[in-house]
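K.L.:
Sequence and predicted structure are below.
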Protein chains: 2
Amino acid sequence: MSAKSKRPLSGCPIDYALSVFGDRWSLLIVRDLAIKGVKTYAELLEGWEGISTNILAQRMKHLEDKGIVKKRKNPDNWRSSLYELTPKGSDLAPLLSEIILWGGTYNEAEKPMNEAYKKVRSDRAEFEEEIRSNVRNAADGTQATEFR
Amino acid sequence: MSAKSKRPLSGCPIDYALSVFGDRWSLLIVRDLAIKGVKTYAELLEGWEGISTNILAQRMKHLEDKGIVKKRKNPDNWRSSLYELTPKGSDLAPLLSEIILWGGTYNEAEKPMNEAYKKVRSDRAEFEEEIRSNVRNAADGTQATEFR
DNA sequence: GCTTCAACTTGCATTTTGCAAGTACATAAG
DNA sequence: CTTATGTACTTGCAAAATGCAAGTTGAAGC
């Protein structure tokens, strides 16, 4: 069962959340957009984990449908599009923090993202604020849902 | 690609975390053990989302292998086993909090777990402490990894 | 009207999932 | 000692999702 599953949701917020990003790739895509500063389809393809192009296309559409990312034209390159987190997407920042903390604590062989791990540990608030501010700077008028 | 994927991990803590619980079911199982107080295989089968028995068996083995849950005999019923979170598993409590907050914020049709959502919002620290204390009370000698 | 490049789409083999049914096995009951 | 019972799984098979390689699209530049 994938993140796009047709199984009726139970109504549990965790089940809902998993229906949005509960698969092997969605949060890695969110990570790339939120932390690594990746923006184009081609850059996402080159990620550390090597997603294949059909799956990436499928996931981006899903994440767009679920309101996590949005696509716009790259003003500097007519060929390329830019993917960006929506406010709903950047509200995943605290979740990313927790995953990084847990993963960083229990992962034996760590290498990439050590910087992010240290950052979250030393100044979690700023780590999350940076993700959110990127979204605010993405020039459009969508309004953030009140989050807490 | 499932949570058990053989794809080499990138070393990123998020990638590691997803290799442990990055599928459609693992966190629902953790939820049942951590929040709903479910303990037996049969109870897990009856969860809101209706996991099938072969998948549940597979996931429990995976979660055991990854050190998230452990199984012990039920002292009160010779037939049944009790599944419990390890300290590594209960260290997912803050992650559960964040998922519940995010899911509760953006999920339209909510019903079950509203209690948990309200609890996290009103007293997140206690919500997480309850999960951890259940693990400490599970009589065995494993030591918690220092988490933060 | 031919090329280029970023973003996909398609075809097909492999893997994972879901469903229904069956098995294992320790004790309890007769 | 033979059969029943309950709990935790296995097994077989169809359906769906994934991964890989290759092909397609479409606007602009030449």
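P.N.:
Good, I have the coordinates. The structure presented is a predicted model; accordingly, all values stated were derived computationally and were not measured.
K.L.:
Apart from its chain neighbours, what residue comes closest to the residue nearest the centre of chain A?
P.N.:
Chain A has A:V30 as the residue nearest its centroid, 1.3 Å off, counting by C-alpha atoms, centre = their mean. Among residues not flanking A:V30 along the chain, A:L92 sits closest, at 5.8 Å (C-beta to C-beta, 6 or more residues apart in numbering or on different chains). Where you see a C-beta, it was placed from the backbone N, CA and C, and this is true even at glycine.
K.L.:
what about the strands in chain A?
P.N.:
In chain A, the strands defined using DSSP state E lie at A:69-73, A:81-85.
K.L.:
what angle sits between the first one and strand A:81-85?
P.N.:
By that I understand strand A:69-73. Following axes from the mean of the first three to the mean of the last three C-alpha atoms, to 10 degrees, one obtains 150 degrees for the angle between strand A:69-73 and strand A:81-85.
K.L.:
Strand A:69-73 near DNA strand C at all?
P.N.:
Yes - residues of strand A:69-73 contacting DNA strand C under C-beta under 7 Å from any atom of the strand: A:K71.
K.L.:
can you list the residues that contact that strand?
P.N.:
Contact with strand A:69-73 is made by A:29-30, A:33, A:60, A:63-64, A:81-86, A:89, A:140, A:142, as judged by C-beta atoms under 8 Å, 6 or more residues apart in numbering or on different chains.
K.L.:
Can you narrow these down to the ones near DNA strand D?
P.N.:
Applying C-beta under 7 Å from any atom of the strand to the contacts of strand A:69-73, none is adjacent to DNA strand D.
K.L.:
Mind giving me the ChimeraX command for buried ones among the residues you listed?
P.N.:
Buried residues among those (16 or more other C-beta atoms under 10 Å in any protein chain shown), as a ChimeraX selection:
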select /A:29,30,33,60,63,82,83,84,85,86,89
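K.L.:
Which parts of chain A are helices?
P.N.:
All helices of chain A, identified by DSSP state H, fall at A:13-21, A:26-31, A:41-45, A:53-65, A:87-90, A:93-106, A:114-137.
K.L.:
so how far is B:P75 from A:L18?
P.N.:
According to C-beta to C-beta, to the nearest Å, A:L18 and B:P75 sit 33 Å apart.
K.L.:
Tell me the gap between stretch A:9-16 and the middle of its chain.
P.N.:
20 Å (C-alpha atoms, centre = their mean, to the nearest Å).
K.L.:
check contacts around the nearest residue to A:K36 once chain neighbours are set aside.
P.N.:
Here the nearest residue to A:K36 in space, its sequence neighbours aside, is A:G47; by C-beta to C-beta, 6+ apart that works out to 8.0 Å. Counting by C-beta under 8 Å, 6+ apart, A:G47 touches A:L28, A:I29, A:D32, A:K36, A:V38.
K.L.:
which one of the residues you listed is nearest B:P13?
P.N.:
Relative to B:P13, the closest of those is A:L28; by C-beta to C-beta it sits at 11.5 Å.
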